[in-house]
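Chemist: turn this into a model:
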Amino acid sequence: MSESVYKVIELVGTSSESWERAAATAVERAAQSLRDLRIAEVVTLDMHLEEGKVVTYRAKVKVSFKYEDA
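Modeler: Numbers count the residues shown, from 1 in each chain. Model prediction:
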């Protein structure tokens, strides 16, 4: 088995619909500029509130991708 190296970055996705959509937004956006995404881990869920009501769901997500050989 060959050895591999992965980079982990942290992203925050947002959605007015749900935490699931917020997390998916983060991953989908990362996939537009990064190749070979491997794992996404939801780290934190929170909400932006206005006047006591939920306005935005936020998901902090760690995403890993594999470094490519030169």
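Chemist: quick one, helices of this structure?
Modeler: Using DSSP state H, the helices of the chain run over 19-33.
Chemist: could you list the low-pLDDT ranges of it?
Modeler: For the chain, residues meeting the criterion pLDDT under 70 lie at 1, 69-70.
Chemist: what is I9 paired to in the beta sheet?
Modeler: V63 (DSSP bridges).
Chemist: which strand residues bridge the closest residue to A23 other than its chain neighbours?
Modeler: Distances taken as C-beta to C-beta, 6 or more residues apart in numbering place A59 nearest to A23, at 3.9 Å, with adjacent residues excluded. Quick note: C-beta positions are derived from backbone N, CA and C, even for glycine. Legend: beta-bridge partners of A59 under DSSP bridges are G13, L45.
Chemist: which residues touch A59?
Modeler: Shown in contact with A59 (C-beta atoms under 8 Å, 6 or more residues apart in numbering): V12, G13, T14, S15, W19, A22, A23, A26, V42, T44, L45.
Chemist: mind running it again at 10 Å?
Modeler: Counting by C-beta atoms under 10 Å, 6 or more residues apart in numbering, A59 makes contact with 11-15, 18-27, 40, 42-46.
Chemist: swap in H48?
Modeler: T14, S16, V54, V55, T56, Y57, R58.
Chemist: again, 6 Å this time
Modeler: For H48, the contacting residues are V55, T56, by C-beta atoms under 6 Å, 6 or more residues apart in numbering.
Chemist: so how far is I39 from it?
Modeler: According to C-beta to C-beta, to the nearest Å, H48 stands 27 Å off from I39.
Chemist: ok, now Y6?
Modeler: Distance from Y6 to I39, by C-beta to C-beta: 8 Å.
Chemist: next one: Y57
Modeler: In terms of C-beta to C-beta, Y57 sits 22 Å off from I39.
Chemist: what's the neighbour count on S18?
Modeler: 11 (other C-beta atoms under 10 Å).
Chemist: once you drop chain neighbours, what's closest to it?
Modeler: Closest to S18 by C-beta to C-beta, 6+ apart is Y57, at 5.7 Å.
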